[in-house]
Structures are given as C-alpha cells and as structure tokens.
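1. How does the following fold in three dimensions:
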Amino acid sequence: MSKTVVVGMSGGVDSSVAAWLLKKEGYRVIGVTMQIWQDEEPEAMEAEGGCCGLSAVEDARRVAAALEIPYYVMNFKKEFREHVMDYFAREYREGRTPNPCIACNRYVKWEALLARSIAIGADYIATGHYARVERLPSGRFALRQSVTAAKDQTYALYNLTQEQLARTLMPVGAYHKEAIRKMAEDLGLPVANKPDSQEICFIPDHDYAAFLDRYTGSPMPEGNFVDLEGNVLGRHKGISHYTVGQRKGLNLAMGHPVFVVKIRPETNEVVIGNGQDVYTSRVYCNKINWMSVDGLHGRDMEVTAKIRYNHKGQTCVIREAGDDLVECVFAEPVRAAAPGQAAVFYRDDYVVGGGTII
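-> Residues are numbered from 1 along each chain as shown. Just a heads-up that it's a prediction; the model follows:
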C-alpha cells in the first residue's frame, strides 16, 4: 500500500513541483495550504504576500487540480500568531533580532502541520524547501545542503527535531532551481514562472517598526545613542528600529561611518561604534538543537558556522560552555553577530546543529 504524504503548498513553483515529484514516486499526495493570515477582509488577505495571501490559495488550488490530487486549506492562525508574530514582536522589543521563518518552520510548518497530518492518516509531510533529509549511519536524521548552494535553505530549518525529520520529505533539494522551473513549464503548471517570495510574509512593506507599533499598540519610546564609553551622541527613534551592524538610518553626524554595536533594552540605549567594533571572534549560543550529532559530550568540534541566512559561513571551533550553552571561536572575526539570530553549524554539507545567538 502506498504511503500518504501531505505537501505544504504555498502556491509557489517549488512546493508545486515537490507535489508532482512525490506523486511520480508513487506516494498518495494530499495538498495543503496553511491559512495563517490574521485578517479576514479579502483586501487584507490579498495584500498579504508570499505564502500567506489569498492568491497563494488560488494558485495552490489550481496546481492541485492540474496534478489531480486532493487539496485542503487548514487554519493555523492561532499557532502562527503565538509562535511567530508574538515571538517576533517580543524579540524586537527586548533588543534582539528575530528570525520569524525559523520559528514558523519549527512550530507551525512542522510541529502543527505534522500533528494534523498524522491525525488524518498521513505518513509524512513534505515541502518545497531546498534541502535534503538523510539518515546517517548512526541512525540520526540530518539535513544536507541542497545541490543548489545559492538556494540552500538548511539554515532556516536547523531547529527541526529528529521526530520531525523522520517524517519529512524534501524532494526539490536534489535539483537546481532552473530544473524545477523547467519541470513546472513542461507540466504546464500555472505557477511555472511565478517569482520567489522574498519578504517576511506578514510585513510585506518591510517596515518592521511600524508593524510592531501597530501590533503591540504601544510605540517604542525614544532613547539615547551612546558610544562605548557611555557618552550620549544623540536620540534614537526606539530600539525596534535598529539591529547590530546597522549603518543606515542612524542620522548621526559623526564625520565618519558609525554602526550599531549593541542594543541595551534595560536602559533603552543603542550603542554606537566604528566599523571594527561590530566584529567579534567569539559568539555564544543557547537553545541548542543538535542534528547530525547528539551533542558534543565534552569535545571540541571544528565546523563551518553561519550567523545569518545570507552569511557564507566561517570556520570555527564549537565547545560546551555550560548547560545548553555553546561557545563558537572563529578563525577570523565575523561581522554583526546579532543576538536573536541563529548560528548554524555545518560539517561536510550536513547540519551539525545550531542555536540562538545571545
């Protein structure tokens, strides 16, 4: 009897082709779009871009009809608000730089969708992410980087658990993007040339600070820009407007380029420094999720670490620095390791694990 897989369909080309590839492999495929937008007004739902909007549902429905697979829309509004939007607002207000896609992947696209998929009798869930799931000789499951380095999405998936990976299929990770588009064109899928979504889906205009003011109902108070010695340099618009490493939008006439070095929510200060002040050789992470290994067990390990999604990666040694605490010592200093972002560790194309930069 063929296995059943629920494919998370965003209305984009990658998840559409993922569904077709799995059907071709003999799986019983069910298409599901996750309803996560918070506003029921049609205009608002249409405005929500990326994998959230009303157009995503219509595109996914048309693809499912073309592939002749059953298709459903499932409501995950509560989970998305709690695990993604609330988290996003809380992190920014506490002076950190969150990554909502990582939270969405871990708690909504996997935890919530997987539980509901199992409840309806599915064996697996699948997505159109550019990553590969492999079982290692040790028996552990790990993510392997996509064959398309430029499109690799393992960074945003480092937090998946062993139980989740054991029930996950990611068929497009074995292909280049151009090949995926060609398949969609050959199949005549209506989304073959649809552009990739780039923005945070619930903030399509990229104005994080304005979203936070609206969402929380209380604008962040202004405060002081200070230098590393504590001298006041000027006034800032509220800490949610800034992130470590930022240069633009500071409006400080210093006569030379300056950057955000640190954010201090407890004193409502944004610390300003020179270019070299945003580099560090030592980064600490907590909330560790191990993937290809089950921990360091007291040993040091050399890895390549990425400290943000578009970071190329840098050689470093990781070691235990306490309970649920890892120290990363980089061979060369890294720029703008922002608290709240993830540090993800790789060896030989595989995700070793990762954690949240503190």
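2. What ranges does the stretch 51-200 of the chain have for its strands?
-> With strands called from DSSP state E, counting those that start in this stretch, the stretch 51-200 of the chain shows them at 71-75, 124-126, 131-135, 141-145, 168-169.
3. Can you list the strands that the shortest one pairs with?
-> Applying DSSP bridges, strand 168-169 is found paired with strand 124-126 (parallel).
4. And the strand it pairs with, how far out from the chain middle?
-> 18 Å (CA atoms, centre = their mean, to the nearest Å).
5. Give me the residues contacting it.
-> 3-8, 18-19, 22, 27, 110, 113-114, 117, 167-171 (CB atoms under 8 Å, 6 or more residues apart in numbering). Yep, even glycine has a C-beta here, placed from its N, CA and C like the rest.
6. Inside helices: which ones of those?
-> Ala18, Ala19, Leu22, Leu113, Leu114, Ser117 (DSSP state H).
7. The closest residue to Pro219 other than its chain neighbours - how many residues pack around it?
-> Leaving aside its sequence neighbours, Pro219 sits nearest to Asp213 (CB to CB, 6 or more residues apart in numbering; 4.5 Å). By other CB atoms under 10 Å, the residues close to Asp213 number 16.
8. roughly how far apart are Asp213 and Phe76?
-> 25 Å (CB to CB, to the nearest Å).
9. Got phi/psi on the nearest residue to Leu296 once chain neighbours are set aside?
-> Take Leu296 and drop its neighbours on the chain: the residue closest to it by CB to CB, 6+ apart is Glu320, 5.2 Å away. Dihedral angles phi and psi of Glu320 (degrees, to the nearest 10) take the values phi -70, psi 140.
10. Do I have it right that Glu320 meets Met301?
-> No - in this structure, Glu320 is not within contact of Met301 by CB atoms under 8 Å, at 10.1 Å.
11. returning to what we had before: now that we have the contacts of strand 124-126, which of them are buried?
-> By neighbour count, with 16 or more other CB atoms under 10 Å, the contacts of strand 124-126 hold 5-8, 18-19, 22, 27, 110, 113-114, 117, 167-171 as buried.
12. quick one on the thing from earlier: element containing the residue nearest to Pro219?
-> Under the criterion of DSSP states H and E, Asp213 resides in helix 208-216.
13. What is the distance between that helix and the centre of its chain?
-> With CA atoms, centre = their mean, you get 20 Å for helix 208-216.
14. CA atoms only: put it into CSV for me.
-> What follows is helix 208-216, C-alpha atoms only, in CSV (Å, rounded to 0.1, in the frame of the first residue of the first chain):
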residue,chain,number,x,y,z
TYR,A,208,9.2,46.4,11.0
ALA,A,209,9.0,49.3,13.4
ALA,A,210,5.6,50.4,12.1
PHE,A,211,4.3,46.8,12.2
LEU,A,212,5.5,46.5,15.8
ASP,A,213,3.8,49.7,16.8
ARG,A,214,0.5,48.6,15.3
TYR,A,215,0.7,45.0,16.5
THR,A,216,1.6,45.8,20.2
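15. counting contacts, what elements does it pack onto?
-> Applying 3 or more CB pairs under 8 Å, 6 or more residues apart in numbering; DSSP states H and E, one finds that helix 208-216 contacts helix 86-93.
16. Return the distance of the residue nearest to Pro219 relative to Ser240.
-> 8 Å.
17. First-to-last residue distance for stretch 77-91?
-> 20 Å (CA to CA, to the nearest Å).
18. ditto for stretch 152-165
-> End-to-end distance (CA to CA), stretch 152-165: 17 Å.
19. tell me the mean pLDDT over that stretch?
-> Here stretch 152-165 scores 97 as its mean pLDDT.
20. Can you give me the buried ones in it?
-> Here stretch 152-165 shows Asp152, Gln153, Thr154, Tyr155, Ala156, Leu157, Tyr158, Asn159, Leu160, Gln164, Leu165 as buried, counting by 16+ other CB under 10 Å.
21. now stretch 329-344
-> For stretch 329-344, using 16+ other CB under 10 Å, the buried residues are Phe330, Val334, Arg335, Ala336, Ala337, Ala338, Pro339, Gly340, Gln341, Ala342, Ala343, Val344.
22. Kindly report the same for stretch 138-148.
-> Arg140, Phe141, Ala142, Leu143, Arg144, Gln145, Ser146, Val147, Thr148.
23. Do a quick rundown of the helices in this structure.
-> So, for the chain - with DSSP H - the helices run 13-24, 42-47, 54-67, 77-80, 86-93, 100-103, 113-119, 162-166, 177-187, 208-216.
24. between the buried residues of stretch 138-148, which is closest to Glu134?
-> Nearest to Glu134 among the buried residues of stretch 138-148, counting by CB to CB, is Arg144 at 5.2 Å.
25. Quick check: that closest one touching Arg135?
-> No - using CB under 8 Å, Arg144 is not in contact with Arg135, being 10.7 Å away.
26. hey, where'd the strands end up in the stretch 201-350 of the chain?
-> Here the stretch 201-350 of the chain has its strands, by DSSP E, counting those that start in this stretch, at 223-227, 232-236, 259-264, 269-273, 279-290, 301-306, 314-322, 325-335, 342-347, 350-357.
27. okay, now Ala253: neighbour count?
-> Neighbours of Ala253 using other CB under 10 Å come to 8.
28. For stretch 149-156, give me every contacting residue.
-> 99, 101-102, 105, 129-131, 143-146, 176-177, 306, 309, 342, 344, 346, 351.
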